[in-house]
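>>> need a 3D model of the following:
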Amino acid sequence: MITVAIAEDHQSLVDGIELLLKYEDDITIIGMANDGEALIDIVKKSEPDIVLMDIKMPKMDGVTATKQIEKHYPKTNVIAFSMFDQEDAVTQMIQAGAKGYLLKNSPLEEVLNAIRAVACGETFFDKNIPPDLLQPNTQKTTSKSILSKSEREILVLIGEGKSTSEIAAIRFTAVSTVEKHRKNMIRKLGLSGKGELLRYALERKYDF
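Predicted structure coming up:
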């Protein structure tokens, strides 16, 4: 029997997956969580074979939770299950230890295929994910390699919700200097503006 835990903060989607899996003789759900911390509690108690892991969750995001599971509960395998098909999200989850990655707009039947494949020691990735993202030896450019130390420090503060003036005060520098760093980061990271820079900072706060 393949034991499964579901980490997803949209209850309607959890209900749909539960309905799908309840009729499968070889799969059973042993826990469901709406945030990352609750999921880790489930894994501690039950060590399921598979975790279907959302990336954006309250209290603890999916990447951080996956890293903890990979480090402390190696018998449990993670399948990322998210709307995010951007390169960063895929790469971060794979680097964290996920053995599979499904997009939420995939047919629910693909969830069954992924669970069974990963439970057998295989990997399973959504067909819409570019193959080059799945190559383990591909060198990914990260914020650590393309941003300066000052830029990374400012990015951390942006991820903490600090404004430009607040960052300038914390760093004892001019507002114009912080703005210059923001523009440089947007250019280096290939982003389109301050909104995307904030999202990047929030999603990558564990990777600086």
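>>> quick one, grab the pLDDT at the residue sitting furthest away from the middle of the chain.
Here the chain reaches farthest from its C-alpha mean at residue 174, the gap being 34.3 Å by Cα atoms, centre = their mean. Per-residue confidence (pLDDT) for residue 174: 95.
>>> what's the burial count for the residue nearest to it when sequence neighbours are not counted?
In space, and not counting its chain neighbours, residue 174 is closest to residue 168: 6.2 Å by Cβ to Cβ, 6 or more residues apart in numbering. Every residue, glycine included, has its C-beta placed from N, CA and C. By other Cβ atoms under 10 Å, the residues close to residue 168 number 18.
>>> wait, doesn't residue 168 sit right on residue 177?
Yes: the pair residue 168 / residue 177 is scored as a contact, 7.1 Å apart, by Cβ atoms under 8 Å.
>>> what mean pLDDT does the helix or strand where residue 51 lies get?
Take DSSP states H and E as the rule and residue 51 turns out to sit in strand 50-53. Average pLDDT, strand 50-53: 94.
>>> the residue nearest to residue 175 when sequence neighbours are not counted sits in which helix or strand?
Once flanking residues are discounted, residue 175 sits nearest to residue 168: 4.6 Å by Cβ to Cβ, 6+ apart. In the assignment (DSSP H and E), residue 168 maps to helix 164-171.
>>> give me the packing partners of that helix, helices and strands only.
Helices and strands touching helix 164-171, by 3 or more Cβ pairs under 8 Å, 6 or more residues apart in numbering; DSSP states H and E, are helix 149-159, helix 175-189.
>>> understood, closing this out.
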